[in-house]
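Student: Task: produce atomic coordinates for the following.
(chains A, B, C and D)
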2 protein chains.
Amino acid sequence: MKEIENRELLQDYLHAHQLASVFHEPFLPHLSLFQFDQGELICAQGETACHLYVLVKGKVKIFTTSPEGKTLILSFKKPLEVIGDIEYVRGISYLNSVEAASSVQMIGIHYRWLKKYGTDYAPLLQFLLQIITHKFCVKSNSLSINLLYPVEVRFARYLLSVSVEEWNPSNKEQISTSNLLDAANMIGTSYRHLNRVIQQFCKEGLIERANGFLLIKDREGLAKMASETPNE
Amino acid sequence: MKEIENRELLQDYLHAHQLASVFHEPFLPHLSLFQFDQGELICAQGETACHLYVLVKGKVKIFTTSPEGKTLILSFKKPLEVIGDIEYVRGISYLNSVEAASSVQMIGIHYRWLKKYGTDYAPLLQFLLQIITHKFCVKSNSLSINLLYPVEVRFARYLLSVSVEEWNPSNKEQISTSNLLDAANMIGTSYRHLNRVIQQFCKEGLIERANGFLLIKDREGLAKMASETPNE
DNA sequence: AAATCATGAGGACATATGTCCTTCCCTATC
DNA sequence: GATAGGGAAGGACATATGTCCTCATGATTT
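Tutor: Predicted coordinates for the structure are as follows:
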């Protein structure tokens, strides 16, 4: 982590994400812009939380580790996203670990200033409510899907979501298999089983596997599997 | 549902739960106290949400229904709990259905008054933040546990939680089996499989099954299974 | 009392998923 | 070019879980 001393860039980010009204004048002197390298740990589960971070550039991976050491990836997040919001409101230590999945820039502010200038400042509170309720909806949805549907369906959803995200002119519809372990942890299954499902998808002509990449062949087929009942 | 026209009782509830500062003066004329009978539907998934409810007495069951008609019970809630908070903040229709699991009393207020008198009222916003972040933590925990642990562990946790709740002098440690289907839906498994796990627990001497009730024999054993790795 | 019905428990089998280990291919190093 | 090392893919087997159906039991009706 290093701090980027560039107030203009910081201001640009604030405006780009309509945060100017959320972080009003008293906050400004206490906002910092941080840079994290890919793979760097941004915060660790269980650690005392003291900064609220706003992700403004790059991608982060959010994961939790069970007492036995199993890793469960909860999500990948892109801007605009906030880290440490729940922890701030509840005054608890970090619930999950966050790692930079690419080079990442975040705006950070110490809880002490949030408390001092933000406790009664409605725009900030409203902003937090929006962010947190959104997180809640995503998580709620994720819980229901994981309990109601088999790995097959969950993986179809995963493929659709990452293929849109990774979409760019050079590698249309390609997904690197180097992330398969991540994918498995994300949908709460084992690497082995994920491979089985991939094999099955290949047989059904939904995807193709080629030297380190997955290629989506039948987006509609995946969408159908993802949204409909497993049996039809 | 019927309205209870008793301002004093309403005030009592507000004070009992330290809500007097949350629902300040402009709200008061628009607060109503409602009563729901056991089994009555309080709100239905997908329905347009227009009231915020505060559960002040009784127990409610929160559940979701998948497009295929499968039911997943998300939780049972007791006071103090709020229904329709997320929906209010996001302006969306009800995410889940809520049913009265006992005779229930709730304070209700129409969104229009919340908007009119609450959008900039920090105590209300802070209250919502507290409630919602708490919900988030519970759900987050629940998601992790469901993805990381088998039914065995989840059911042990379920038993411990309901046995504490239902604890009362007459039926110590007894759990009616009439709720087994609910229990199965709650931990995201089938009734059949739950029965298998119950059988296994009986063999291991953790619980006993007798004419319509489950009896907890070895609370420590359950606690151990619930909190430790499945293999030790 | 016989017949019927509702409900809870459990058997049989299929499928989903986890664990461990082997195989294969690529690459770095000598 | 030979060899060792590492990672990815897949085989074999065990376990977890779902679905469908049967059976027993007690309540309700005739």
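Student: I'd like to know how far residue A:123 sits from residue A:141.
Tutor: 27 Å (Cβ to Cβ, to the nearest Å). Yep, even glycine has a C-beta here, placed from its N, CA and C like the rest.
Student: Okay, now the unreliable bits of chain A?
Tutor: The model of chain A has pLDDT under 70 over residues A:164-178, A:211, A:228-232.
Student: tell me the domain ranges of it?
Tutor: Per the record, chain A has its domains at A:2-146, A:149-227, by the TED database.
Student: Compare these and give me the one nearest residue B:82.
Tutor: domain A:2-146 (12.3 Å; Cβ to Cβ).
Student: is chain B contacted by the closest one?
Tutor: Yes: contact of domain A:2-146 with chain B (Cβ under 8 Å from any Cβ of the partner chain) involves A:64, A:66-68, A:70, A:72, A:74, A:86, A:89-90, A:92, A:95-96, A:119-122, A:125-126, A:128-130, A:132-137, A:139-140, A:142-144, A:146.
Student: Buried among those? Need that as a selection in ChimeraX.
Tutor: Listed next is the ChimeraX selection for buried residues among these, using 16 or more other Cβ atoms under 10 Å in any protein chain shown:
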select /A:64,72,74,86,89,90,95,96,121,125,126,128,129,132,133,135,136,139,140,142,143,144,146
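Student: Which members of the residues of domain A:2-146 next to chain B occur in strands, if any?
Tutor: Counting by DSSP state E, the residues of domain A:2-146 next to chain B place A:64, A:72, A:74 in strands.
Student: Identify the residues contacting stretch A:111-127?
Tutor: A:19, A:21-24, A:26-27, A:30, A:49-52, A:88, B:119-122, B:125-126, B:129 (Cβ atoms under 8 Å, 6 or more residues apart in numbering or on different chains).
Student: Intersect those with the contacts of DNA strand D.
Tutor: Among these, proximity to DNA strand D is found for none (Cβ under 7 Å from any atom of the strand).
Student: Which stretches in chain A count as helices?
Tutor: Under the criterion DSSP state H, chain A contains helices at A:7-16, A:85-90, A:111-118, A:122-148, A:151-165, A:180-186, A:191-203, A:219-227.
Student: Would you mind finding the most buried of these?
Tutor: helix A:85-90 (a mean of 22; mean count of other Cβ atoms under 10 Å in any protein chain shown).
Student: If you count contacts, what does it end up packed against?
Tutor: helix A:122-148, helix B:122-148 (3 or more Cβ pairs under 8 Å, 6 or more residues apart in numbering or on different chains; DSSP states H and E).
Student: CA atoms only: put it into PDB for me.
Tutor: In PDB, the C-alpha atoms belonging to helix A:85-90 read as follows (Å, rounded to 0.1, in the frame of the first residue of the first chain):
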ATOM      1  CA  ASP A  85     -19.000   0.300   6.200                       C
ATOM      2  CA  ILE A  86     -20.700  -2.400   8.200                       C
ATOM      3  CA  GLU A  87     -17.700  -2.600  10.600                       C
ATOM      4  CA  TYR A  88     -17.900   1.200  11.100                       C
ATOM      5  CA  VAL A  89     -21.600   1.100  11.900                       C
ATOM      6  CA  ARG A  90     -21.400  -1.800  14.300                       C
END
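Student: Could you list the residues in contact with it?
Tutor: When contacts are defined by Cβ under 8 Å, 6+ apart, helix A:85-90 is touched by residues A:49, A:52, A:92-95, A:111, A:114, A:128, A:131-132, A:135, B:129-130, B:133-134, B:136-137.
Student: The domains of chain A: which one's closest to residue B:213?
Tutor: Between residue B:213 and the domains of chain A, the tightest spacing by Cβ to Cβ is seen for domain A:2-146, at 29.7 Å.
Student: which one is residue A:77 nearest to, not counting chain neighbours?
Tutor: Of all residues not flanking residue A:77 in the chain, residue A:60 sits nearest, at 5.2 Å (Cβ to Cβ, 6 or more residues apart in numbering or on different chains).
Student: Can you name the residues that contact the spatially closest residue to residue A:56 that is not a sequence neighbour?
Tutor: Nearest non-adjacent residue to residue A:56, counting by Cβ to Cβ, 6+ apart: residue A:13, 4.3 Å away. By Cβ under 8 Å, 6+ apart, the residues touching residue A:13 are A:19, A:33, A:56-57, A:105, A:107.
Student: Can you say which of those are buried?
Tutor: By neighbour count, with 16+ other Cβ under 10 Å, the contacts of residue A:13 hold A:19, A:33, A:56-57, A:105, A:107 as buried.
Student: which one among those gets closest to residue A:187?
Tutor: residue A:57 (26.9 Å).
Student: What's the separation between the closest one and residue A:47?
Tutor: Distance of residue A:57 to residue A:47, computed by Cβ to Cβ: 23 Å.
Student: Same check on residue A:20?
Tutor: 30 Å.
Student: Residue A:71 now?
Tutor: Taken as Cβ to Cβ, the span from residue A:71 to residue A:47 is 17 Å.
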